[in-house]
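Engineer: Just need the structure, nothing else, for what follows:
(4 chains, ligands or ions: 2)
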Amino acid sequence: MSLKVDGDLARSFGLTDDEYGKVLAIMGRTPSLTELGIFSVMWSEHCSYKSSRMHLRTLPTKAPWVIHGPGENAGVIDIGDGLAAVFKMESHNHPSFIEPYQGAATGVGGILRDVFTMGARPVANLNALRFGSPKNADTRRVVDGVVRGIGGYGNCIGVPTVGGEVNFHPSFNGNPLVNAMTVGIAQKDRIFLSAAAGVGNPVVYVGSKTGRDGIHGATMSSAEFDEESSSKRPTVQVGDPFTEKLLVEACLELMATDAVISIQDMGAAGLTSSAVEMASKGEVGIDLDLDHVPQREANMLAYEMMLSESQERMLMVLRPDRTEVARKIFEKWELDFAIVGHLTDSGRITVRHNGRVEADIPLGPLADEAPVYDRPTVYEEPPALLTAPSDPAGIEGALRTLIASPDLASRAWIWNQYDSSVGGQTLKHPGAADAAIIRVEGTKRGLAMTTDCTPRYGQADPYVGGLQAVVEAWRNLTATGAKPLAMTDNLNFGSPENPRIMGQFVRVIKGLGDAGRALDFPIVSGNVSLYNETRSDTGLTTAIQPSPVIGGVGVLDDIATAVGMAMPEQGELLLIGETWGELGQSLWLREVCGREEGAPPRVDLAAEKRNGDFIREHIQKGVVAACHDVSDGGLLVAVAEMAMVSGVGCRLEANPSGVSPHAYWFGEDQARYVVATTQADHLLKAAEDAGVPVRRLGQIGGEQIHIPVGMQLDVKELRELNSAFFPDLMGEG
Amino acid sequence: MKVGIVVFPGTNRERDMVQALTLATGRAPKLVWHQEESVTGLDLVVLPGGFSFGDYLRSGAMAAHSPIMTAVRRFAEQGGYVLGVCNGFQILTEAQLLPGALLRNAGMRFLSQDCHLKVEGKENIFTHGWAKGDVFRAPLAHGDGNYTAAPEMLDRLEGEGRVAFRYCRDDGYIQHDDAQINLNGSARSIAGVLSENRRVCGMMPHPENLTDPALGGTDGMPLFKGIVESLST
Amino acid sequence: MKVRVFVSLKEGVLDPQGKAVGHALAALGFKGVGEVRIGRVVDLDVAAKTADEARKEGEAMAKALLANEVIEDFHVEVVA
Amino acid sequence: MKVRVFVSLKEGVLDPQGKAVGHALAALGFKGVGEVRIGRVVDLDVAAKTADEARKEGEAMAKALLANEVIEDFHVEVVA
Ligand SMILES: Nc1ncnc2c1ncn2[C@@H]1O[C@H](COP(=O)(O)OP(=O)(O)O)[C@@H](O)[C@H]1O
Ligand SMILES: [Mg+2]
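Structural biologist: Ligands and ions are numbered 1, 2, ... in the order given. Okay, here's the model as predicted:
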């Protein structure tokens, strides 16, 4: 194949004219096709973070317990007992629309590799999903494939999927969000990094063979490619969880020896980005000989091998005297193992194939001169506070509507397809608590994990959307009794070239940062997914609601102290936190009144911290029997959720004067928790002493939820209403 | 009591099984790699859950033909005790150490939830820890758990008391055609079966995942305690 | 030589997948879809010199692994 | 009429299943097993009067449900 390398081809590879000019200046000549491919993927938004980098720098990333913050394959925090939690979240949005099963499956595979690359055994997966409107004809296909794909990969590899979240909104029609998170556990002093070291050391390729999978989209649009062959060429990668399982076991076995100097998974832009990153971080050169790369297909070009995104592959630098030890381990696991190059002192990446040098690029400029953009921003005025709308439905009517609505309906249909118990350490399965909890094997400790984001808040006011995502994650961890330690983020937005969207991005980051700082809750890893937009037939582009998804991780010193949402048979319900009855952007307003309006609920970081610290302290003291934070749907929905989990009802007291009933029961004011306790007086007094707003909500017991004026609903009926949505959507009702 | 847990490439519930057996026996079982050729010296061989060889082709098919299974077959023929859970059950049917086969779940979806089982088997070490008719809770997690066998074989299994466990409601009620009770659509709600000599048992649900009091219950413990008690007397 | 092994569920064995596909097709508006049965086709190379040898090899593979004769039938075609 | 739809992975698309089966056959001592590819056959009835109509119906079903054209090819045979 001979493609003429010029500005046109560069453009079709996604490089701007300016960027191509830089390439020419760095190379001092016209680059080869392979070189152009390497530049284009390394300088892509995905690999270079060119639109987001300068803003991400402002995020809080440090705390005494942070071992590795952003910049490594995953974040690493100290969880005590000489152990570390290693975690990250990553998006696979676009592939999951094209081929939902494989897109979601390979998303899970990718994030797992980011975690075990660092020497951690993956112990839990979570997934944050956003789908288009349930009324959209295509939504069923996407939901079906995505859920099957996540389950298909995670179940097979034997990592329990323990949590996540799901939203539906028309802005995700044609552009679903699939954000997958993996949490692993490693020995704190056995963390593996990617920086290569030791000139002359072998560069080793392990895992699956390389095929022509997922070579960047630019290739497809290039007219010079033979029509027929390109139509056969898959853009979709197919995941092989069985091979990944072998890869996990083989890598962990190898990492228990002293053979590994550095290791990096092959994710986006495969061999290119892994080789470039390892060498640049280690400030060495790297020589690759592609003749040794295990290949699945015949006659692959250097360009194709360098850009292939075949799954389940890793690159590592080994101690030369240990390569045979390593080879034996990979042979035992029946995985490919090949020495494909060595480190040099040239400061360059040199790629040979069939005896020819196909690429020879100085690594310094490839990294340092990667474009960074300070893109123009436009900040939109956030909407004003909503003036309280009147109540068209009544309390019981609204609760019935809300509890059956897509964003509040039971997710059991989803989590029942995910193996949440494999590994034998799961304490709180999906639906049982505000955060999932797994025991740290061999200890009394637990890890609590959650993912959270409320895109409709971010759409209305990006700054508040950023704040709220963080505080909700922090609250969900807190509500189990865990101490929140750190978070990972997955920032999903539309096109950064649109100043309005760039404005959203900047404001969201400010919100994340302010909340993280106030709560001592640093961001240790993350991922940015931009250009989440769809173009309609009329040429109109719609961007998704800005979705800064937060994955929070916390620790419990003793899992025996953890609480879930299930209420005891008797006792009292208390409400912690202040209620104004803010209905702006609430689900009540959307689902009951059909309006998406107003300002989202205010976030008061000091109140969050005060109320949360109080809750955690009293959970750990054993005074709290069950706890659930108040978020989507408001107070009555939170109580209903607790009742449905436990199969026990309650008699609630009427709303206080000063707040109208519907605003009280359905407002989404933040910093609140519903607590079930058998020691209400003690807890009330303690709250008052601590200056924490507290209120008696009612008595636990019976088979109904009862409110003096307005409502009496069987918990059983609630459960039925709550569980219909997914089976109906999927035609399995 | 010496227990060996066979590990195939793709097995993923061996750690769960180690944990349960360690709690039950007080000592850690031995892990046996699928390429080993003998299981001598063991009192019990366990084939745990997972996706051996990816469960590609048919669940358990490739594992059933790996070298260790020749040894397991010999062990069983000589009267050794073998327990297969989930993928282990699939492997035992593929290896024809147990009758029948496990098809895709009737609803065509992977199922991961708690189920209830009624104890039916007689005179065997696997149900020894319960009384006949007892009902217990167990998590299940599988895509291919829909038990099938020829009608004559089903009659025979029932007649000989070789149905070890059946899916039921929490009150013990059994209804073959109710997808809320017989979750995966198994013939006659069969969740576990025994070999002719009652020394080989296969079951789909995971009692090993409910054995630790710190993690939500011990409903599955009688399986292991019953085995220990039977084999140490 | 190239051999193709067809594996299908025995008559009388319930085919959950076929049943689900039948339902789904009907829901999509396809009429008169009767029983749907789903089988597997395995394409592979065998080290055989004659078609006859190839067929025998394919049959041996089917018996050894590709089909579960408790529930499945198979037949082998020599493709090339 | 009876129609048979063959569905197979597109060329170049990884077939994890085929790969694992190839390994297993080799381990069982079958020699010279090259690349193994695994496909599906769907046998079904269609409400069509002519072979041509039947083929069209089969193709429509394949496109709508039986094959995932992003990664799979299919072809339809009219059996009877
Ligand atoms: N995609 C998913 N996968 C697994 N579990 C999920 C998923 N979506 C939601 N869940 C679980 O459902 C429960 C309710 O979710 P959500 O309403 O988002 O909780 P909260 O509002 O407390 O954050 C949680 O236990 C959550 O982990
Ligand atoms: Mg949430």
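Engineer: Now do residue C:60 against residue D:36, distance only.
Structural biologist: 15 Å (C-beta to C-beta, to the nearest Å). Heads up, the C-betas are built off the backbone N, CA and C, glycines and all.
Engineer: What's the local residue count around the closest residue to chain B within the stretch 51-200 of chain A?
Structural biologist: Nearest to chain B, among the residues of the stretch 51-200 of chain A, is residue A:158, at 2.5 Å (C-beta to the nearest C-beta). For residue A:158, the count of nearby residues is 24 (other C-beta atoms under 10 Å in any protein chain shown).
Engineer: Quick one, grab the pLDDT at the nearest residue to it once chain neighbours are set aside.
Structural biologist: Excluding its sequence neighbours, the residue lying closest to residue A:158 (C-beta to C-beta, 6 or more residues apart in numbering or on different chains) is residue B:12, at 2.5 Å. We have a pLDDT of 97 for residue B:12.
Engineer: Quick check: residue B:12 touching residue A:424?
Structural biologist: No. Using C-beta atoms under 8 Å, residue B:12 makes no contact with residue A:424, being 10.6 Å away.
Engineer: who has more neighbours, the two?
Structural biologist: residue B:12 (27 against 24).
Engineer: List phi and psi for that one.
Structural biologist: phi -140, psi 0 (degrees, to the nearest 10).
Engineer: That one: what's it in contact with?
Structural biologist: A:156-158, A:245, A:422, B:49-51 (C-beta atoms under 8 Å, 6 or more residues apart in numbering or on different chains).
Engineer: And those, which is closest to ligand 1?
Structural biologist: For those, the closest approach to ligand 1 (C-beta to the nearest ligand atom) belongs to residue A:422, at 14.2 Å.
Engineer: Please name the residues that touch the closest one.
Structural biologist: So residue A:422 contacts A:155, A:158-160, B:12-13, B:16, B:49, B:141 (C-beta under 8 Å, 6+ apart).
Engineer: Can you lay out those residues as JSON lines showing secondary structure?
Structural biologist: Output for the contacts of residue A:422, formatted as JSON lines (DSSP: H, G, I helix; E, B strand; the rest coil):
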{"residue": "A:155", "secondary structure": "helix"}
{"residue": "A:158", "secondary structure": "coil"}
{"residue": "A:159", "secondary structure": "coil"}
{"residue": "A:160", "secondary structure": "coil"}
{"residue": "B:12", "secondary structure": "coil"}
{"residue": "B:13", "secondary structure": "coil"}
{"residue": "B:16", "secondary structure": "helix"}
{"residue": "B:49", "secondary structure": "coil"}
{"residue": "B:141", "secondary structure": "strand"}
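Engineer: which one of these is nearest chain D?
Structural biologist: Distances from chain D to the contacts of residue A:422, taken by C-beta to the nearest C-beta, are shortest for residue A:155, at 14.7 Å.
Engineer: Okay, now the unreliable bits of the chain?
Structural biologist: In the absence of a named chain, this looks at chain A. For chain A, the stretches with pLDDT under 70 are A:1-2, A:216-235.
Engineer: Actually, chain B is the one I wanted.
Structural biologist: Within chain B, the stretches with pLDDT under 70 are B:233.
Engineer: any chance you could map the helices in it?
Structural biologist: B:14-25, B:61-64, B:67-77, B:87-94, B:151-159, B:221-231 (DSSP state H).
Engineer: ok, the shortest one near chain D or not?
Structural biologist: Yes. Using C-beta under 8 Å from any C-beta of the partner chain, we find that helix B:61-64 touches chain D at residue B:62.
Engineer: Let me see the residues that make contact with that helix.
Structural biologist: Contacts of helix B:61-64 (C-beta under 8 Å, 6+ apart): B:8, B:34, B:47, B:52-53, B:56, B:69, B:87, B:91-92, B:94-95, C:65, C:68, D:20-21, D:24.
Engineer: tell me the contacts of residue A:533?
Structural biologist: Going by C-beta under 8 Å, 6+ apart, the list of residues near residue A:533 reads A:175, A:494-495, A:541-544.
Engineer: Out of those, who's the most crowded?
Structural biologist: residue A:544 (27 neighbours).
Engineer: For burial, what's the neighbour tally of the nearest residue to that residue once chain neighbours are set aside?
Structural biologist: Nearest non-adjacent residue to residue A:544, counting by C-beta to C-beta, 6+ apart: residue A:532, 4.5 Å away. Neighbourhood size, residue A:532 [other C-beta under 10 Å]: 27.
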